[in-house]
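Enquirer: My questions concern the predicted model and sequence given below.
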Amino acid sequence: MSSEWVISELGKEAINASRPFSFKQHPNVVFVNTGDVLNGSFLHSDVSCGKGLPGQAKKALQQHDILLTEIRPGNRRFAYVDFDARKYVVSTKFMVIESLGRVSPRFLYHVLTNQSALNSFQRIAESRSGTFPQITFDSIAHYPVPVPPDNDQQKLVEFLDALDQRITLLHETNATLEAIAQALFKSWFVDFDPARAKAEGLEPEGMDAATAALFPDSFEESELGLVPRGWQICSILDIANLLSGGTPKTDRAEYWGGDIPWASAKDVSQAANTILTGTDRTITALGLQKSATRMIPAFSTVVVARGATTGRMVMFGMSMAMNQTCYALESKAGTPVALYLVLKKEIDALTQKAHGSVFDTITTSTFSASKTLQIPDALLACFESVAGPLFRRILAGTQQANTLTQLRNTLLPRLISGQLRLAEAEANVENALSEAI
């Protein structure tokens, strides 16, 4: 690639477009607030009546705009408009960044949304006084923007878009695998399809005779309605061990920065995947020894127990420590995927009970007072033999996606500054993928 790169500034290459939206022309709209975009994606396209929208619904969009939240920019609330957005109205809490032409909009999007840029914007936000950490376009107008020749911009965009697409495909594959496991769980243990088939004198579909024999052929009334005959009602604590965490003293440097992942409610609630494989902070063996935290086994289900994100849940992809804002649950039957899906089914009821308390907190009593179906261990084992491999593939996909994301965050600043050649970056990606397999 060419070395003839000019370093300019954001304020010289783009504007913060404040186009007023015409509700008269478009009475029915898609309203996008700051919580409605994440990591480059729009999270909904629901149409609503413009008359009932909040006052901050004012800005119009056009194709090739870049949306970047002014509030807490480090939270990755950004997106690129790659479609006809005439019916989209966005909150005034967004910057609507429009390239002036010398830098391609898509290249500028990659420049402004790489992790290095977001970290810089977050530091600026936190340095400003106000209710929330916030940036304005003026406050980041001096951010350096490279202006490579058009051909170089196009090649970089193609490489970075392809890398993003690989990451997206891994996430989509993971979502499909989990949906398959959830569908099987629902069929067996919510809709009771095999038991219903046997009650009608039919053979259950999609399973061998040995598994089918484990399902009863009739139903009985229970606290939860009709359930397969002989299956009992229990609490979550009858089927899972409840584990708590803790926090090493924060003023003891020797407790922090080690090689033990330490999960908090933030890690769990902001996890992009079903399985958590990394944390913001780590602790040392001494920090583990000298605090109430403990090692939580891999494939335990972890639930946020207090605060605004009460009820968010993940599985741990490796053995980790955690703090006291979460509870971990470990399957007593040795069937962690089945337990995760039981908890996913029950979490809304648990969260509603938590929100009925003063501090929106899930407690031991919340779990002990729960009512769920106690599925026979032999059936859980059969289910796990099918769903377990699916979740191991999800873990492998998550690890690959994380590897590519970390590599992207490392390579992108060097690429867009011209310090790294594209061929070297492509080789780094292929090497990283081959090592991850």
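Expert: Everything's here; your move.
Enquirer: Just read off the phi/psi values of the residue most central in space within the chain.
Expert: Taking CA atoms, centre = their mean, the centroid of the chain lies closest to A272, which sits 1.9 Å from it. The phi/psi pair for A272 (degrees, to the nearest 10) reads phi -80, psi -10.
Enquirer: which ones are touching it?
Expert: Residues near A272 by CB atoms under 8 Å, 6 or more residues apart in numbering: N39, H171. C-betas here are computed from N, CA, C, even on glycine.
Enquirer: quick one: pLDDT of it?
Expert: Reported pLDDT at A272 in the predicted model: 81.
Enquirer: Distance check, it against D164.
Expert: Distance of A272 to D164, given as CB to CB, to the nearest Å: 13 Å.
Enquirer: give me the number of residues near L288?
Expert: Counted by other CB atoms under 10 Å, the residues lying close to L288 total 18.
Enquirer: List the contacts of it.
Expert: P248, I260, R294, M295, A321.
Enquirer: With L38 as the reference, measure out to the residue nearest to the centre of the chain.
Expert: In terms of CB to CB, A272 sits 9 Å off from L38.
Enquirer: Same check on A60?
Expert: 22 Å.
Enquirer: for F121, same thing?
Expert: Distance, F121 to L38, using CB to CB: 16 Å.
Enquirer: Looking at those two, which has the bigger crowd around it?
Expert: Between F121 and L38, counted using other CB under 10 Å, the more crowded position is F121 (23 against 17).
Enquirer: now the helices for the stretch 51-200 of the chain?
Expert: Ranges of helices within the stretch 51-200 of the chain are 105-113, 115-127, 137-140, 150-189, 193-199, based on DSSP state H, counting those that start in this stretch.
Enquirer: Out of those, which is the most enclosed?
Expert: Highest mean neighbour count among these (mean count of other CB atoms under 10 Å): helix 105-113, with a mean of 23.
Enquirer: the inter-axis angle of it versus helix 115-127?
Expert: If you take axes from the mean of the first three to the mean of the last three CA atoms, to 10 degrees, helix 105-113 sits at 50 degrees to helix 115-127.
Enquirer: okay, now L202: neighbour count?
Expert: 11.
Enquirer: which residues sit against stretch 100-115?
Expert: Stretch 100-115 has contacts (CB under 8 Å, 6+ apart) with 8, 10, 12-15, 40, 64-66, 68, 76, 78, 80, 97-99, 117, 143, 145-148, 150, 153-154, 156-157, 160-161, 408-409, 412-413, 416.
Enquirer: An error on my part: the question was meant for stretch 67-82.
Expert: Residues contacting stretch 67-82 (CB under 8 Å, 6+ apart): 32, 34-35, 37-42, 61-66, 88, 90, 93-97, 105-106, 109, 112-113, 118-119, 121-122, 125, 132-136.
Enquirer: Could I have the CA atoms of that stretch written out in CSV?
Expert: Listed in CSV are the C-alpha atoms of stretch 67-82, where the atom choice follows Å, rounded to 0.1, in the frame of the first residue of the first chain:
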residue,chain,number,x,y,z
LEU,A,67,-24.1,7.0,14.6
LEU,A,68,-22.0,7.5,17.8
THR,A,69,-23.5,7.9,21.2
GLU,A,70,-22.5,11.0,23.2
ILE,A,71,-23.2,9.2,26.5
ARG,A,72,-20.5,6.8,27.7
PRO,A,73,-18.9,6.2,24.3
GLY,A,74,-16.9,3.3,25.7
ASN,A,75,-20.1,1.3,25.9
ARG,A,76,-19.9,0.7,22.1
ARG,A,77,-23.2,2.2,21.2
PHE,A,78,-22.4,2.9,17.6
ALA,A,79,-23.7,1.9,14.1
TYR,A,80,-23.2,2.5,10.4
VAL,A,81,-26.2,3.3,8.2
ASP,A,82,-25.9,1.1,5.2
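Enquirer: Can you give me the buried ones in it?
Expert: 67-81 (16 or more other CB atoms under 10 Å).
Enquirer: can you check stretch 277-293 too?
Expert: For stretch 277-293, by 16+ other CB under 10 Å, it's T277, G278, T279, R281, T282, I283, T284, G287, L288, S291, T293.
Enquirer: Stretch 37-53 now?
Expert: Those would be V37, L38, N39, G40, F42, G50, L53, for stretch 37-53 by 16+ other CB under 10 Å.
Enquirer: and the helix or strand of the chain with the lowest mean pLDDT with helix 150-189, angle?
Expert: Every helix and strand of the chain was ranked by mean pLDDT, DSSP states H and E. The lowest is helix 422-436, at a mean of 81. Helix 422-436 and helix 150-189 meet at an angle of 20 degrees, taking the same axes, to 10 degrees as the criterion.
Enquirer: Can you name every helix or strand that helix 422-436 contacts?
Expert: Packing partners of helix 422-436 (3 or more CB pairs under 8 Å, 6 or more residues apart in numbering; DSSP states H and E): helix 150-189, helix 377-416.
Enquirer: Could you dump these into CSV and include mean pLDDT and distance to C326?
Expert: As requested, the helices and strands packed on helix 422-436 are exported to CSV (pLDDT from 0 to 100; distance: least, CB to CB, whole Å):
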stretch, mean pLDDT, distance to C326
helix 150-189, 94, 21
helix 377-416, 93, 19
